[in-house]
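[1] this one's structure only:
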């Protein structure tokens, strides 16, 4: 198992860069991050990368150790491995959500753990990264989650930048989505993919293009993972509108957001 080492943090952002203006609009808000992984190299490398950005990290080697620490004080964000001794990441995520619905949670998973990734998102995780992953991408996603949390708490002022397509409204500053005024909770990856579809209604986006939008920092994911993301996006919108059918599958090509009717 290998990860991209911290010196990559000094490299320029790869192209194409995310067009959400994500990096430019990040705030300097910092917080305490729990890094929970049974591999010491990953714990140390992730903690080093985040501490370079001004965050405070607490590393734990298994879910039980982390849970014992969380009962004393919860972190502001948690990064969890799935497969760990004593208590796995899924069980730890479930317990965290029993204490707080707002703490951002990111899963670190292996490429062959797709079922566990899906289950983790259903349990309330905000996002996930597949190993091996880019440290730049992890840091970027952490900053986005902190920024979104700060805005929702009213501690950061953001100028409105809204993309509206029919009943859909995407707040590009807050990374939030609504459908006919009803809030639809999306992970960062889901939001970026939906934005890629919605900003050009009627145009087909291939799975590779959606992969580039949702994972812009050289992370490999399978076509099946993209299909799973789209399936979850649809499911979340159907939960607020049973007639939702705005995302078409274009067989053999990819997906398309329907033009307003």
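    Yep, it's here. Given the structure is predicted, the values throughout are model-derived calculations rather than measurements.

[2] which strand residues sit across from the residue nearest to the spatial centre of the chain in the sheet?
    Computing the C-alpha centroid of the chain and ranking residues by CA atoms, centre = their mean puts residue 127 first, at 3.0 Å. On the basis of DSSP bridges, residue 127 is bridged to residue 106.

[3] from what I can see it touches residue 188, true?
    Yes - counting by CB atoms under 8 Å, residue 188 is a contact partner of residue 127 at 5.0 Å. (Each C-beta comes from the backbone N, C-alpha and C, glycine too.)

[4] got any residues that touch both of these two?
    With contacts defined as CB atoms under 8 Å, 6 or more residues apart in numbering, the residues shared by residue 127 and residue 188 are 141, 145.

[5] got the contact list for the residue lying closest to residue 187 once chain neighbours are set aside?
    Ranked by CB to CB, 6 or more residues apart in numbering and with sequence neighbours excluded, the top spatial neighbour of residue 187 is residue 127, at 4.7 Å. Counting by CB under 8 Å, 6+ apart, residue 127 touches 104, 106, 107, 141, 145, 187, 188, 189.

[6] ok, and the closest non-adjacent residue to the first one?
    On the basis of CB to CB, 6+ apart, the spatially nearest residue to residue 104 that is not a chain neighbour turns out to be residue 145, at 3.9 Å.

[7] Would you mark the buried spots in the helix or strand harbouring the one you found?
    Element membership of residue 145, judged by DSSP states H and E, is helix 135-152. Buried positions in helix 135-152, judged by neighbour count with 16 or more other CB atoms under 10 Å: 135-151.

[8] can you give me the strands for the stretch 101-250 of the chain?
    Remark: strands assigned in the stretch 101-250 of the chain by DSSP state E, counting those that start in this stretch are 105-110, 127-131, 162-165, 168-171, 176-179, 182-184, 204-206, 247-250.
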